[in-house]
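Novice: what follows is a protein structure lacking sequence information:
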């Protein structure tokens, strides 16, 4: 049975205000992310209004994280040296009070990265955990999905997401056709987006980076994660209108993120 939650209590104006703050402050987002999506992630952050940095070596990670507005830790292509840098960045962020986002790509399906994600979740206190339904189920002790792809719908992971959020005192965001974002007491159900998001590698990973960017300027992590979700998915709807397929969509998405204004974000966001 799904837990009782206060559902869709956020106002669209809160999301617009978060985007306005992002554009005004241009926070530095320290991204330790996977090799497949680094370029797209950096361009998404720039278009949205943040400043990306992709420093992923252990010698610099802790100090860089402490100076950033927020940190993204993404387990898409983990190596021994980059995961050491991720651990250092988490410590640096913790010590400096910098919010960080965990994206446990492949969580539950691949044992080594699952163990890393669970350890960081337990010890590192992320502000936000973002994943697809199978990854969130995998973090909670389930089997995970097919590699990095989800085999479950977002609603299948709702109970696990709420329990995880309550236990770790963080926000858990489950991406899917309907996006679910919860802090264990409140739930945002969001219904924007385009199927073309699933045809371009790295859009989910870029969403994690946007959540970090918004967390740098918005202290309520539920608002930050919801604003990031709305920003990407509303931009995706607009980009899809001008796209012939995944290639042109990827370019149009960057343009749409750049052009989307706070008042338009508020008007276009759908809570479902």
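Specialist: Now that the structure is in, tell me what you want to look at. Since the model is a prediction, treat every value here as computed from it, not as a measurement.

Novice: any idea which element residue 181 lies in?
Specialist: Residue 181 is part of strand 179-182 when elements are defined by DSSP states H and E.

Novice: parallel or antiparallel, list what pairs with that strand.
Specialist: Strand 179-182 has the following sheet partners, assigned by DSSP bridges: strand 171-175 (antiparallel), strand 186-190 (antiparallel).

Novice: can you give me the mean pLDDT across that strand?
Specialist: The average pLDDT within strand 179-182 is 98.

Novice: so who does the residue minimising distance to the centre of the chain touch?
Specialist: The geometric centre of the chain, computed from its C-alpha atoms, lies nearest to residue 208 (CA atoms, centre = their mean), at 2.1 Å. The contact partners of residue 208, by CB atoms under 8 Å, 6 or more residues apart in numbering, come to 33, 72, 74, 101, 103, 128, 130. Backbone N, C-alpha and C define where each C-beta goes, glycine included.

Novice: report the angle between the particular helix or strand that has residue 167 in it and strand 186-190.
Specialist: Here residue 167 sits within helix 158-168, counting by DSSP H and E. On the basis of axes from the mean of the first three to the mean of the last three CA atoms, to 10 degrees, helix 158-168 is oriented at 140 degrees to strand 186-190.

Novice: contacts for helix 158-168?
Specialist: 1-3, 5, 121-122, 125-126, 129, 136-137, 139-140, 142, 170-172, 174, 180, 182-184, 187.

Novice: buried subset of those, written for PyMOL?
Specialist: Burial among these is assessed by 16 or more other CB atoms under 10 Å; the matching PyMOL selection reads:
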select buried, resi 5+121+125+126+129+136+137+139+140+142+170+171+172+174+180+182+183+184+187
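
Novice: can you give me the neighbour number for residue 77?
Specialist: The number of residues packed near residue 77 is 16, by other CB atoms under 10 Å.

Novice: quick one: secondary structure of the residue nearest to it when sequence neighbours are not counted?
Specialist: Nearest non-adjacent residue to residue 77, counting by CB to CB, 6 or more residues apart in numbering: residue 34, 3.9 Å away. What DSSP: H, G, I helix; E, B strand; the rest coil gives for residue 34 is coil.

Novice: just checking, residue 34 touches residue 205?
Specialist: Yes - between residue 34 and residue 205 there is a contact at 6.6 Å, judged by CB atoms under 8 Å.

Novice: which residues in the stretch 1-150 of the chain form strands?
Specialist: 6-7, 28-32, 51-53, 70-74, 100-103, 128-132 (DSSP state E, counting those that start in this stretch).

Novice: can you redo those strands as JSON lines with mean pLDDT and distance to residue 260?
Specialist: Shown next, in JSON lines, are these (pLDDT from 0 to 100; distance: least, CB to CB, whole Å):
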{"stretch": "strand 6-7", "mean pLDDT": "96", "distance to residue 260": "25"}
{"stretch": "strand 28-32", "mean pLDDT": "98", "distance to residue 260": "18"}
{"stretch": "strand 51-53", "mean pLDDT": "98", "distance to residue 260": "18"}
{"stretch": "strand 70-74", "mean pLDDT": "98", "distance to residue 260": "20"}
{"stretch": "strand 100-103", "mean pLDDT": "98", "distance to residue 260": "21"}
{"stretch": "strand 128-132", "mean pLDDT": "96", "distance to residue 260": "20"}
